[in-house]
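I need the structure of the sequence given here:
(2 chains)
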Amino acid sequence: MDPATFLVQCLNALQYGLLLFLVAAGLTLIFGVMGVINLAHGSFYMIGAYMAYALAPAFAGFAGWGFAATLVVGLLAAVILGLALEWAFFSFLYERDHLQQVLMTYGLILVFEEARSIALGDDVHGVAVPAALSGSVTVGGLMAYSVYRLFISGVCILLAAAMYAVISRTRIGMMIRAGASNREMVSSLGIDVKRLFRVMFAAGVALAVLAGMLAAPVSSVYPGMGNQILIICFVVVVIGGIGSVRGALAAALLVGAVDTFGKVFFPHAAGVLVYVLMALVLLWKPEGLFKAT
Amino acid sequence: MVPRTIFVFASPKLVRGTIFLAAALALAFFPLVSGKFGVDYVTKTMVFAIFALSLELLVGQVGLVCFGQAAFFGIAAYAVVVLSPAAGPASVWWLLPAALGCAALYALVVGALSLRTRGVYFIMVTLAFSQMAYYVAHDTPLGGGTDGIYLNFAPTAGPIDLGKALPVYYVTLAALAAVFVFLAVLVRSRFGRALAGIRVNEQRMRAAGFSTYPYKLAAFTLAGAIAGMAGFLFAVKDGFVNPELLAWHMSGTVLMMVILGGIGHLHGAVIGAFAFSLLQELFMSQALFGDFSKHWHLGVGLTIILCVALLPRGIAGWRRARR
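Presented below is the predicted three-dimensional model:
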């Protein structure tokens, strides 16, 4: 493999890993702080991608700013969806055991998938890359690399940095960290846990929807995409350690690298490699690489 | 208010035995009154009842929420098709052990890894490993891809030809009864008591000197083999396998059956399988929903949500919840 190809694959791995991180971070925080295992998290990614597809024609007239408008409207919709779902369904699940959480969120997946099928059909769609970002840069003088993929990586890095700042520097981040290590204590200290949970859940939904909207132009928009990303995010969360955002970042980058280079070197076994990685981590550290502290 | 005195002379054991026999007899005579569709439908439901029983052993008896049970079901089904010779019918006497063996072997490997974790991790890890099996069947030439593969010759068991609907019906009924009795005995055995102890308080079982990991692994492998039995029957019945057998919708469906019937009761799994497939048939009915019936997942999903909200103990636990 020549250096230019290697560099391109590295960039691909980074972009895929960072996108996984956006989805996995919400999943791990919702579990770590709220104690809810949310199978429907992948559906938010799917909803985001389909929103990018469905909203694109509506904002096509905005000359260059259509994509930005789509993102803004999509994010607003995601926050409203998150708040409504938390109020209607998830607030009942905190006291229930995992089995019932699994079932209810599984029921939600079926509802989301069918709602999508009724509203937009079951076809595979493509979404155009926004015009302003449709160019490419040359890597190592030979390979062309899409500017849009760099843009995805850049947005994800910015978001990861913002998340780090919020979680480690702000008051609400302090509550989140405290909630992850001891929920009962946080609520008995007089912090409004209900509001914290609602905000957290909405933020998690918004991250997953954003990931879906960003991914739509590079991967096609298809019905099973939510489930596929959910399973990979489970692998990420298991490898990284539940409740740990740092672990989710490290594991997402690792999974992105294993998947991308696996497809290059072992095309036949690529689908299995990520699970082999998970099996190895389970043998070595069953609690995940970064246990939430 | 039903007078309770009339039940005074009937011991719980006698009542249970009577209900079991009555249900078995009713199922045995069912083909006499039903048409071809009914036989096929009840065969399928009984296969799912066996499948649900395998999961009930894990969820209800050991307290392990496995979300990857479809892998063992599907692997055994694929084993039937892949191992059957192309030239003529295979004998059940080696095909069944081989299919169960494949399912049990995968369960042993998955169990050995996933039982190192607990709680939510366990749910995620079993789901991830079952998806791995799904992708192998879906994406590699081994599993025939998305289209699935056909079984050329149905296996034979001595004089019984499993290519016909009626023999398959009775073999499935016999298998269901055998699995049910086997699990009922197992639950009452020393091994079953140890599993119940692990469910209630694993820490204490360890303190009492039980090494709990081998017990859980044995239960997990056994559950995999029983799910494999269901998968074997499913492949023989349909003569066709496709990757959807291993998909997580299958795991979700069977988990729903167990919950709907009521966790902690073996008969709950059977009731749940019948109740769920009736429900599915209801939402898929063209007559009731017309064109909307192709969106039957929506009805199932809403029912699941309602069940979790209103019936947390399932059908078999309904009376206890009311008291």
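
switch to C-alpha atoms for all contacts and neighbour counts from now on
Will do.

quick one: contacts for the residue nearest to A:N227 when sequence neighbours are not counted?
Leaving out its chain neighbours, the residue that sits closest to A:N227 by CA to CA, 6 or more residues apart in numbering or on different chains is A:G42, at 5.6 Å. Listed by CA atoms under 8 Å, 6 or more residues apart in numbering or on different chains, the contact set of A:G42 reads A:V23, A:A208, A:M225, A:G226, A:N227, A:Q228, A:I229, A:L230.

so which strand or helix has the second one?
This points to A:A208. Using DSSP states H and E, A:A208 falls within helix A:193-215.

list the buried residues in that helix.
For helix A:193-215, a neighbour-count test (16 or more other CA atoms under 10 Å in any protein chain shown) marks A:193, A:196-215 as buried.

which other helices and strands contact it?
helix A:3-34, helix A:41-55, helix A:66-88, helix A:171-181 (3 or more CA pairs under 8 Å, 6 or more residues apart in numbering or on different chains; DSSP states H and E).

go through the ones you listed and pick out the most buried.
For these, average neighbour numbers computed from mean count of other CA atoms under 10 Å in any protein chain shown are highest in helix A:41-55, which has a mean of 26.

near chain A at all, stretch B:234-245?
No - with CA under 8 Å from any CA of the partner chain as the measure, stretch B:234-245 is seen stopping short of chain A, the closest distance being 12.6 Å.

ok, residues contacting that stretch?
B:44, B:47, B:70-71, B:73-74, B:77-78, B:80-81, B:134, B:137-138, B:143-152, B:154-155, B:162-163, B:165, B:168, B:250.

what's the average pLDDT for stretch A:14-31?
Stretch A:14-31 carries an average pLDDT of 91.

now check it, is it near chain B?
No - judged by CA under 8 Å from any CA, stretch A:14-31 stays clear of chain B, getting no closer than 8.9 Å.

send the alpha carbons of that stretch over as PDB?
Taking Å, rounded to 0.1, in the frame of the first residue of the first chain, the C-alpha atoms of stretch A:14-31 are listed here in PDB:
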ATOM      1  CA  LEU A  14     -11.000   8.800  11.200                       C
ATOM      2  CA  GLN A  15     -14.200  10.100   9.600                       C
ATOM      3  CA  TYR A  16     -16.100   6.800  10.200                       C
ATOM      4  CA  GLY A  17     -14.800   6.500  13.700                       C
ATOM      5  CA  LEU A  18     -15.800  10.100  14.600                       C
ATOM      6  CA  LEU A  19     -19.300   9.600  13.100                       C
ATOM      7  CA  LEU A  20     -19.700   6.500  15.200                       C
ATOM      8  CA  PHE A  21     -18.600   8.500  18.200                       C
ATOM      9  CA  LEU A  22     -21.400  11.000  17.800                       C
ATOM     10  CA  VAL A  23     -24.000   8.200  18.000                       C
ATOM     11  CA  ALA A  24     -22.200   6.100  20.600                       C
ATOM     12  CA  ALA A  25     -21.600   9.100  22.900                       C
ATOM     13  CA  GLY A  26     -25.400   9.700  23.300                       C
ATOM     14  CA  LEU A  27     -25.900   6.000  23.800                       C
ATOM     15  CA  THR A  28     -23.300   5.700  26.500                       C
ATOM     16  CA  LEU A  29     -24.300   8.900  28.300                       C
ATOM     17  CA  ILE A  30     -28.000   7.900  28.300                       C
ATOM     18  CA  PHE A  31     -27.100   4.600  29.800                       C
END
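
re earlier: from the contacts of stretch B:234-245, which ones fall inside helices?
B:44, B:47, B:70-71, B:73-74, B:77-78, B:80-81, B:134, B:137-138, B:165, B:168, B:250 (DSSP state H).

re the thing from before, counting by contacts, list what the helix or strand just after the helix holding A:A208 packs against.
Note on helix A:193-215: by DSSP H and E, the next helix or strand toward the C-terminus is helix A:225-240. The contact analysis (3+ CA pairs under 8 Å, 6+ apart) places helix A:225-240 against helix A:3-34, helix A:41-55, helix A:245-265, helix A:270-284, helix B:120-139.

which elements pack onto the first one?
With contacts defined as 3+ CA pairs under 8 Å, 6+ apart, helix A:3-34 has these neighbours: helix A:41-55, strand A:136-139, strand A:143-146, helix A:147-169, helix A:171-181, helix A:193-215, helix A:225-240, helix A:245-265.

distance from the chain centre to it, please.
8 Å (CA atoms, centre = their mean, to the nearest Å).

now swap in the last one and tell me
Relative to its chain's centre, helix B:120-139 lies at 18 Å (CA atoms, centre = their mean).

same check on the third one?
When C-alpha coordinates are averaged (CA atoms, centre = their mean), helix A:245-265 and its chain have centres 14 Å apart.

and the contacts of the lowest-mean-pLDDT helix or strand in chain A?
Least confident helix or strand, chain A: strand A:136-139 with a mean of 78, by mean pLDDT, DSSP states H and E. Here strand A:136-139 makes contact (CA under 8 Å, 6+ apart) with A:A4, A:L7, A:V8, A:A144, A:Y145, A:S146, A:V147, A:Y148.

related to what we said a few turns ago, need the contacts of A:G42 in JSON lines with distance to A:I239, can you?
JSON lines is the format used below for the contacts of A:G42 (distance: CA to CA, whole Å):
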{"residue": "A:V23", "distance to A:I239": "15"}
{"residue": "A:A208", "distance to A:I239": "19"}
{"residue": "A:M225", "distance to A:I239": "21"}
{"residue": "A:G226", "distance to A:I239": "20"}
{"residue": "A:N227", "distance to A:I239": "19"}
{"residue": "A:Q228", "distance to A:I239": "17"}
{"residue": "A:I229", "distance to A:I239": "15"}
{"residue": "A:L230", "distance to A:I239": "14"}
